[in-house]
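S.K.: okay, here's the prediction I keep looking at, along with the sequence it came from:
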Amino acid sequence: MLSVVMARELRFWRYSGHDPLDHTLTTQRLGSLIQNSGHADSLPVVISDGVLFGQLSFYSDRSWSNRLFWLADADRELKYDGTDSMNKNMLGLRELLPHPEQVRDYSEFTASHESFLVYADDLKWVDQALIGDSALVQLVVAEGSHKLYFVRMNP
(Lines give C-alpha, C1' and ligand atoms only; values in the text may rest on other atoms or scores of the structure.)
Protein backbone atom coordinates (compact mmCIF):
# COMPACT_ATOMS: atom_id res chain seq x y z
CA MET A 1 0.00 0.00 0.00
CA LEU A 2 2.76 2.43 0.94
CA SER A 3 4.63 1.65 -2.28
CA VAL A 4 1.61 2.69 -4.38
CA VAL A 5 1.38 6.03 -2.55
CA MET A 6 5.13 6.56 -2.87
CA ALA A 7 5.06 5.79 -6.60
CA ARG A 8 2.24 8.26 -7.21
CA GLU A 9 3.96 10.84 -5.02
CA LEU A 10 7.18 10.44 -7.01
CA ARG A 11 5.27 10.81 -10.28
CA PHE A 12 3.60 13.96 -8.99
CA TRP A 13 6.85 15.62 -7.98
CA ARG A 14 8.83 14.46 -11.00
CA TYR A 15 6.35 15.84 -13.52
CA SER A 16 4.91 18.81 -11.67
CA GLY A 17 7.84 21.05 -12.59
CA HIS A 18 8.49 22.48 -9.15
CA ASP A 19 10.46 21.88 -5.99
CA PRO A 20 9.04 18.86 -4.09
CA LEU A 21 9.38 20.76 -0.83
CA ASP A 22 7.38 23.71 -2.13
CA HIS A 23 3.72 22.76 -1.62
CA THR A 24 2.61 26.37 -2.01
CA LEU A 25 2.38 26.18 -5.81
CA THR A 26 -0.32 23.48 -5.78
CA THR A 27 -2.28 25.04 -2.94
CA GLN A 28 -2.05 28.50 -4.51
CA ARG A 29 -3.23 27.13 -7.87
CA LEU A 30 -6.27 25.47 -6.28
CA GLY A 31 -6.97 28.55 -4.17
CA SER A 32 -6.88 30.69 -7.31
CA LEU A 33 -9.25 28.35 -9.17
CA ILE A 34 -11.70 28.35 -6.26
CA GLN A 35 -11.48 32.14 -5.96
CA ASN A 36 -12.18 32.55 -9.70
CA SER A 37 -15.01 30.00 -9.75
CA GLY A 38 -17.79 32.21 -8.46
CA HIS A 39 -18.23 29.78 -5.54
CA ALA A 40 -15.37 31.02 -3.38
CA ASP A 41 -17.23 30.79 -0.07
CA SER A 42 -19.85 28.15 -0.53
CA LEU A 43 -19.55 24.76 -2.22
CA PRO A 44 -17.55 21.72 -1.12
CA VAL A 45 -14.60 20.82 -3.37
CA VAL A 46 -13.98 17.19 -4.33
CA ILE A 47 -10.36 16.45 -5.19
CA SER A 48 -10.37 13.64 -7.74
CA ASP A 49 -6.76 12.54 -7.11
CA GLY A 50 -6.18 10.78 -3.78
CA VAL A 51 -2.48 11.63 -3.49
CA LEU A 52 -3.16 15.27 -4.26
CA PHE A 53 -5.99 15.26 -1.71
CA GLY A 54 -3.54 14.07 0.94
CA GLN A 55 -1.09 16.84 0.07
CA LEU A 56 -3.78 19.51 0.03
CA SER A 57 -5.15 18.26 3.36
CA PHE A 58 -1.85 19.04 5.02
CA TYR A 59 -0.71 22.16 3.15
CA SER A 60 -3.84 24.09 2.14
CA ASP A 61 -4.94 27.35 3.67
CA ARG A 62 -7.12 26.52 6.68
CA SER A 63 -9.69 29.09 5.56
CA TRP A 64 -10.87 26.72 2.80
CA SER A 65 -9.24 23.31 3.46
CA ASN A 66 -12.31 22.25 5.48
CA ARG A 67 -14.23 22.25 2.16
CA LEU A 68 -11.98 19.62 0.55
CA PHE A 69 -13.21 16.03 0.13
CA TRP A 70 -12.06 12.81 -1.46
CA LEU A 71 -14.72 10.29 -2.46
CA ALA A 72 -14.32 6.55 -1.91
CA ASP A 73 -16.07 3.84 -3.91
CA ALA A 74 -14.14 0.66 -4.71
CA ASP A 75 -16.67 -0.61 -7.27
CA ARG A 76 -16.74 2.63 -9.25
CA GLU A 77 -12.95 3.02 -9.12
CA LEU A 78 -12.56 -0.55 -10.37
CA LYS A 79 -15.10 0.05 -13.15
CA TYR A 80 -13.57 3.30 -14.44
CA ASP A 81 -9.86 2.97 -13.53
CA GLY A 82 -9.48 -0.81 -13.63
CA THR A 83 -8.10 -0.84 -10.06
CA ASP A 84 -9.32 -0.08 -6.56
CA SER A 85 -5.88 0.50 -5.03
CA MET A 86 -6.30 4.24 -4.36
CA ASN A 87 -9.62 3.56 -2.65
CA LYS A 88 -7.98 0.97 -0.39
CA ASN A 89 -5.02 3.28 0.30
CA MET A 90 -7.16 6.29 1.18
CA LEU A 91 -9.47 4.32 3.46
CA GLY A 92 -6.49 2.71 5.16
CA LEU A 93 -4.57 5.95 5.60
CA ARG A 94 -7.37 8.42 6.28
CA GLU A 95 -6.85 8.39 10.05
CA LEU A 96 -3.42 9.92 9.39
CA LEU A 97 -4.98 12.90 7.61
CA PRO A 98 -5.72 16.15 9.46
CA HIS A 99 -9.45 15.75 8.67
CA PRO A 100 -10.21 12.01 8.22
CA GLU A 101 -13.93 12.75 8.01
CA GLN A 102 -13.28 14.41 4.64
CA VAL A 103 -12.73 11.01 3.01
CA ARG A 104 -16.35 10.22 2.25
CA ASP A 105 -18.37 7.51 0.56
CA TYR A 106 -19.24 8.54 -3.01
CA SER A 107 -22.93 7.59 -2.80
CA GLU A 108 -23.48 9.24 0.58
CA PHE A 109 -21.69 12.42 -0.48
CA THR A 110 -23.52 12.78 -3.80
CA ALA A 111 -26.88 12.06 -2.12
CA SER A 112 -26.31 14.77 0.49
CA HIS A 113 -24.78 17.44 -1.79
CA GLU A 114 -26.90 18.60 -4.69
CA SER A 115 -24.06 20.80 -5.99
CA PHE A 116 -20.31 20.84 -5.48
CA LEU A 117 -17.02 21.53 -7.25
CA VAL A 118 -14.51 18.97 -8.55
CA TYR A 119 -10.81 19.77 -8.97
CA ALA A 120 -8.99 17.61 -11.53
CA ASP A 121 -5.64 17.86 -13.24
CA ASP A 122 -6.31 14.70 -15.22
CA LEU A 123 -9.28 12.38 -15.67
CA LYS A 124 -9.94 10.14 -12.66
CA TRP A 125 -12.68 7.62 -11.89
CA VAL A 126 -14.79 10.11 -9.93
CA ASP A 127 -15.11 12.40 -12.95
CA GLN A 128 -16.25 9.51 -15.14
CA ALA A 129 -18.61 8.20 -12.44
CA LEU A 130 -20.35 11.56 -12.12
CA ILE A 131 -20.96 11.68 -15.87
CA GLY A 132 -22.09 8.03 -15.79
CA ASP A 133 -24.55 8.94 -13.02
CA SER A 134 -26.05 11.64 -15.27
CA ALA A 135 -24.79 14.55 -13.21
CA LEU A 136 -24.44 17.92 -14.89
CA VAL A 137 -20.67 18.57 -15.05
CA GLN A 138 -19.60 22.02 -16.29
CA LEU A 139 -16.09 23.41 -16.59
CA VAL A 140 -15.99 26.59 -14.49
CA VAL A 141 -12.37 27.66 -14.70
CA ALA A 142 -9.11 26.21 -16.03
CA GLU A 143 -5.45 27.09 -15.73
CA GLY A 144 -3.49 24.84 -18.06
CA SER A 145 -4.30 21.23 -17.20
CA HIS A 146 -5.78 22.22 -13.82
CA LYS A 147 -9.56 22.38 -13.99
CA LEU A 148 -12.40 23.15 -11.63
CA TYR A 149 -15.83 21.79 -12.50
CA PHE A 150 -19.27 22.65 -11.17
CA VAL A 151 -21.37 19.54 -10.56
CA ARG A 152 -25.13 19.32 -10.05
CA MET A 153 -26.52 15.91 -9.21
CA ASN A 154 -29.78 14.87 -10.87
CA PRO A 155 -30.27 18.03 -12.95
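M.R.: Yep, it's here.

S.K.: which residue ranges form the helices in the chain?
M.R.: Along the chain, counting by DSSP state H, helices occupy 2-15, 24-35, 50-59, 62-65, 74-81, 85-93, 106-112, 125-132.

S.K.: residue 153 reaches residue 109, doesn't it?
M.R.: No - contact criterion CB atoms under 8 Å: residue 153 and residue 109 do not qualify, at 9.6 Å. No exception for glycine: its C-beta is placed from N, CA and C like everyone else's.

S.K.: residue 146 is nearest to which of the helices of the chain?
M.R.: helix 24-35 (5.6 Å; CB to CB).

S.K.: who's in contact with that closest one?
M.R.: Contact partners of helix 24-35, identified using CB atoms under 8 Å, 6 or more residues apart in numbering, comprise 16, 18, 40, 45, 52, 55-56, 59-61, 64, 117, 119, 141-143, 146-148.

S.K.: quick check: nearest residue in space to the spatially most central residue of the chain, chain neighbours excluded?
M.R.: Centroid check for the chain by CA atoms, centre = their mean gives residue 47 as the closest residue, at 1.0 Å. Nearest in space to residue 47, with sequence neighbours left out and distances taken as CB to CB, 6 or more residues apart in numbering, is residue 53 at 4.0 Å.

S.K.: is it true that that neighbour touches residue 72?
M.R.: No - shown here, residue 53 and residue 72 do not form a contact pair, counting by CB under 8 Å, at 10.7 Å.

S.K.: what touches both of these two?
M.R.: In contact with both residue 53 and residue 72: 90, 103, using CB under 8 Å, 6+ apart.

S.K.: quickly note the distance from the residue nearest to residue 106 when sequence neighbours are not counted to residue 110.
M.R.: Distances taken as CB to CB, 6+ apart place residue 73 nearest to residue 106, at 3.7 Å, with adjacent residues excluded. Distance, residue 73 to residue 110, by CB to CB, to the nearest Å: 10 Å.

S.K.: sketch out the low-pLDDT regions of this protein for me.
M.R.: Where the chain drops to pLDDT under 70, the residues are 1-25, 155.

S.K.: on that earlier part again, Provide a list of residues in contact with the residue nearest to residue 106.
M.R.: 87, 105-107, 125, 129.
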